[in-house]
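Undergrad: sequence first, then the predicted structure:
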Amino acid sequence: MTDDVILRAYTPGDFDWLVDLHGRHYAEAEGFDATFAPLVATILRDFEAQHDPYFERGWVAERDGARLGSIFCVRADARTAKLRLFILSPEARGIGLGKRMLAICTGFARDRGYTRMQLWTHESHEAACALYRTAGWRCASSEPVHSFGVDLVEQAWEVTL
């Protein structure tokens, strides 16, 4: 159950934790090399330096002070929002928290006037892709790549809000 989980605004104090969570998770689960965590750091630095708080937001899920995951809505253009940095720690998976976070993020985008949302992921993220599909997203493109030291299938997903 997620009743005891709060979603609060991302703060710069979450930076190191979020970079570390992404780096460790994707190294262990997918075999990503050390180039992935710096990409996450760049995304966060850009968000902190340039985001418009009315149109963009980051959330951190927390239970009893322990951080469990994050999700971000950023502006791609005037009509399109981009979902970024959606991750849950292992102990937060399978309890409906991802579904709740996705609904809050897409609801925020809709409330801000975006008419569609997009994201970038990998085919191997089966649980996330199933969640997106169930929430009405569709896979718009799929392409084999070699990124972060491994062979992957990159995917672009989108949903009309």
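TA: Received the coordinates, thanks.
Undergrad: and the helices in this structure?
TA: In the chain, helices defined by DSSP state H lie at 15-30, 36-50, 97-111, 126-134, listed in chain order.
Undergrad: name the residues that touch the first one?
TA: When you say that, I think you mean helix 15-30. 10, 32-34, 36-37, 40-41, 44, 48, 60, 67, 69-70, 85, 87, 89-90, 122, 124, 148, 150, 152 (Cβ atoms under 8 Å, 6 or more residues apart in numbering). For glycine as for every other residue, the C-beta is placed from the backbone atoms N, C-alpha and C.
Undergrad: check the gap between the most centrally placed residue in the chain and A78 for me.
TA: Residue closest to the average C-alpha location in the chain (Cα atoms, centre = their mean): F86, at 1.9 Å. Look at F86 and A78: by Cβ to Cβ, to the nearest Å, they are 23 Å apart.
Undergrad: most packed of the helices of the chain?
TA: helix 97-111 (a mean of 18; mean count of other Cβ atoms under 10 Å).
Undergrad: pLDDT of that helix, averaged?
TA: Helix 97-111 comes out with an average pLDDT of 97.
Undergrad: any idea how far the residue nearest to the centre of the chain lies from F32?
TA: For F86 relative to F32 (Cβ to Cβ), the value is 16 Å.
Undergrad: again with A81
TA: A81 sits 26 Å away from F32, going by Cβ to Cβ.
Undergrad: over to F15?
TA: 19 Å.
Undergrad: let me know which of the helices of the chain is the nearest to D4.
TA: Distances from D4 to each of those were compared using Cβ to Cβ; the minimum, 10.6 Å, belongs to helix 97-111.
Undergrad: what sits up against the closest one?
TA: Taking Cβ under 8 Å, 6+ apart as the rule, helix 97-111 contacts 2, 5, 7, 57, 59, 61, 68-69, 71-73, 81, 83, 86, 88, 117, 127-128, 131-132, 134-135, 159, 161.
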